[in-house]
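**Q** quick one, fold the following:
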Amino acid sequence: MDGMLQSDWKNTKKKGKIPWKIMAAGSLMAMMMTGSSLTASAAGGLDIHTDYPGMTVKAGDSLTFNLGLDNSGAACDASLSVVSMPEGWEGYISGSGSRISQIHVPNGTSTATATFQVDVPAETADGTYEVVLEAKANDAVYDTLTLSLDVSQLEVSQGDFSSEYPEQEGMPGTTFSFNATLVNNSAATQSYSLSAESPDGWQVAFQPSGQTTQVASLELEPAASQGMTITVTPPNNNVSFDTPTIDVIEAGATVEATAHVTPSAQALTGDYVMTINADSSEVSDSAEFRVAVETSIVWGFVAVLVIGALAAGIAWIFRKYGRR
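**A** All right, here's what the predicted structure looks like:
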């Protein structure tokens, strides 16, 4: 047959024509000899997939993957299996609450669904691990899905809110400022409400770094962080004057003014420095006064009386029942 093809080619070449019939026949014969099929590309196949094939997890946690199976060919019953998984890990495929090994996959746009559950051992070291799943109708129609799991000690389900120096000391009346950082460790955008539990009369304000306004909430993208300044202002003492305004003071004269200082109900025991200003249209002056605030001793007497009553009651019980 090779000689015939060569002879025909030589004859037609002399006539200046291309032997397209011979070439087409040769191509068809080559396809038959190699087992190629003209309808193979139209037979369709399986597609096993999940929305999030790569996830971060902590050692000792469990993960659930929602699986979808599509079929561009004829409807079939596909076998489901775990092809490979790290040593010591446990996982299974389920549907409708039961473990399954096969699933019916319709053709067209309908999607069959299943669930894959995997348990990560508590002793798993940090790193990236792969799990491979397979859906198989026959040797020619199958698909695999590779799941990539990044094992990390990072807690991905929560945020982190911390301050470099959470404890401060200062003189009474001092306004304290704390530098803090809020971090979103989750895989989704989070909205955080900012509030504080503080004693009555204390004021707490949150101001994001680089901004001049106070806020009550923040929204952070995944894996994003936001620095902020937290200002804590203790309650102030109340000061009033018998004569808040003095009309005239003659040159060289002295006028007395009485100030009444009432400590805040939430004021702590200690010394407070108070500044009183005197202003006029031409001159002004100020003076500092140190005020000592002490806790009332009434509750101390009450505590002593309570302890005494308890002691007397216990002594009476021993006298009455101790020798029986």
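**Q** what about Pro199, distance to Ser163?
**A** Noted for Pro199: a distance of 19 Å to Ser163, by Cβ to Cβ, to the nearest Å. Every residue, glycine included, has its C-beta placed from N, CA and C.
**Q** before we move on, what about Gly95?
**A** 49 Å.
**Q** could you look up the SS state of Ala312?
**A** helix (DSSP: H, G, I helix; E, B strand; the rest coil).
**Q** likewise Val82?
**A** strand.
**Q** surely it meets Leu133?
**A** Yes - with contact defined as Cβ atoms under 8 Å, Val82 reaches Leu133; the gap is 6.0 Å.
**Q** mind checking the end-to-end distance for stretch 187-205?
**A** Taking Cα to Cα, to the nearest Å, stretch 187-205 runs 28 Å from one end to the other.
**Q** and it, average pLDDT?
**A** On average, the pLDDT along stretch 187-205 is 86.
**Q** pull the residues that contact it.
**A** Contact with stretch 187-205 is made by 55-56, 156, 159, 182, 184, 206, 214-222, 230-235, 264-266, as judged by Cβ atoms under 8 Å, 6 or more residues apart in numbering.
**Q** buried only: go through these for me.
**A** Among those, those scoring as buried are 56, 156, 182, 184, 206, 218, 220, 230, 232-235, 264 (criterion: 16 or more other Cβ atoms under 10 Å).
**Q** what do Val82 and Leu133 both touch?
**A** Ile93.
**Q** quick one, which of these two is more surrounded?
**A** In this view Val82 and Leu133 are compared by other Cβ atoms under 10 Å, and Leu133 has more residues nearby, 24 against 16.
**Q** contacting residues around the nearest residue to the more buried one once chain neighbours are set aside?
**A** Closest residue in space to Leu133, ignoring its immediate chain neighbours: Leu145 at 4.6 Å, by Cβ to Cβ, 6 or more residues apart in numbering. By Cβ under 8 Å, 6+ apart, the residues touching Leu145 are Ile48, His49, Thr50, Pro53, Leu67, Val132, Leu133, Glu134, Ala135.
**Q** contacting residues for the third one?
**A** Spelled out, it's Thr50. Thr50 sits next to Phe65, Asn66, Leu67, Gly68, Phe116, Leu145, Leu147 when contact means Cβ under 8 Å, 6+ apart.
**Q** distance of it from Ser96?
**A** Taken as Cβ to Cβ, the span from Thr50 to Ser96 is 18 Å.
**Q** the last one too?
**A** If you measure Ala135 against Ser96 using Cβ to Cβ, the figure is 17 Å.
**Q** looking at these two, which is more packed in?
**A** Ala135 (29 against 8).
**Q** which residues does the more buried one contact?
**A** Taking Cβ under 8 Å, 6+ apart, we find Ala135 in contact with Leu46, Ile48, Leu69, Ala78, Ser79, Leu80, Ile103, Val105, Tyr142, Asp143, Thr144, Leu145.
**Q** just the ones of those in strands?
**A** Leu46, Ile48, Leu69, Ala78, Ser79, Leu80, Ile103, Val105, Tyr142, Asp143, Thr144, Leu145 (DSSP state E).
**Q** the last one and Ala59: what is the separation?
**A** Translated: Leu145. Leu145 is 23 Å from Ala59, by Cβ to Cβ.
**Q** where does this protein have low pLDDT?
**A** Along the chain, segments meeting pLDDT under 70 span 1-44, 154-158, 171-173, 264-273, 295-304, 306, 308-311, 313-324.
**Q** what sits opposite Val232 in the beta ladder?
**A** With DSSP bridges applied, Val232 shows beta-bridge pairing to Phe176, Val204.
**Q** show me what contacts it?
**A** Val232 touches Thr175, Phe176, Ser177, Phe178, Ser198, Trp202, Gln203, Val204, counting by Cβ under 8 Å, 6+ apart.
**Q** give the closest residue to Pro234 in space, chain neighbours not counted.
**A** Trp202 (5.8 Å).
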